[in-house]
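Trainee: need coordinates for the following:
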Amino acid sequence: METLGILLRKSDSMVFKAVGNALWEGEGVNDCWQHVRDSAMRRGGTLDSLTDADAALLDEFFAGLGNSGRDEQSRLFSVSIAALEDAQTQARGKYREAQRLYTTLGALIGAGICILIA
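Mentor: Just a heads-up that it's a prediction; the model follows:
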């Protein structure tokens, strides 16, 4: 059976790989996540676009990861995935609103420049 660190390092996610590598060095999974989180959420980091609410969801996930039996871990994954899907749906809605706003704003500014030039 593979350890949590090995499984995390096999992930396609750079963040999970980083947590898995930190676990290799002997720290607990939540401590490893906190170290990765601190560097990844800085400006320009892998997770710099996450909101505080998004980060809190991941904090809850990593706090419970590896701390209980199989059924509880399965429940943790199900709850975390549902919460992250909810957050993703909300983020997409905000993106669509912002996209409409900036498209309209760009068209109005373009029209205003045309009026000023003419």
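Trainee: show me what contacts residue 24?
Mentor: Going by Cβ atoms under 8 Å, 6 or more residues apart in numbering, residue 24 touches 5, 9. To be clear about C-beta, it is placed using only N, CA and C from the backbone, and glycine gets the same treatment.
Trainee: and the contacts of stretch 82-93?
Mentor: So stretch 82-93 is in contact with 51, 53, 54, 57, 60, going by Cβ under 8 Å, 6+ apart.
Trainee: make it 10 Å
Mentor: 49, 50, 51, 53, 54, 56, 57, 58, 60, 61 (Cβ atoms under 10 Å, 6 or more residues apart in numbering).
Trainee: tell me the buried residues in that stretch?
Mentor: 83, 87 (16 or more other Cβ atoms under 10 Å).
Trainee: let's see that stretch as PDB, backbone CA atoms only.
Mentor: The C-alpha coordinates for stretch 82-93 follow below in PDB (Å, rounded to 0.1, in the frame of the first residue of the first chain):
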ATOM      1  CA  ALA A  82     -18.800  19.200  -3.300                       C
ATOM      2  CA  ALA A  83     -17.700  22.400  -1.600                       C
ATOM      3  CA  LEU A  84     -15.000  23.000  -4.200                       C
ATOM      4  CA  GLU A  85     -17.500  22.500  -7.000                       C
ATOM      5  CA  ASP A  86     -19.800  25.000  -5.300                       C
ATOM      6  CA  ALA A  87     -17.000  27.500  -5.100                       C
ATOM      7  CA  GLN A  88     -16.100  26.900  -8.700                       C
ATOM      8  CA  THR A  89     -19.700  27.500  -9.800                       C
ATOM      9  CA  GLN A  90     -19.800  30.800  -7.800                       C
ATOM     10  CA  ALA A  91     -16.400  31.800  -9.300                       C
ATOM     11  CA  ARG A  92     -17.700  31.200 -12.900                       C
ATOM     12  CA  GLY A  93     -20.700  33.300 -12.100                       C
END
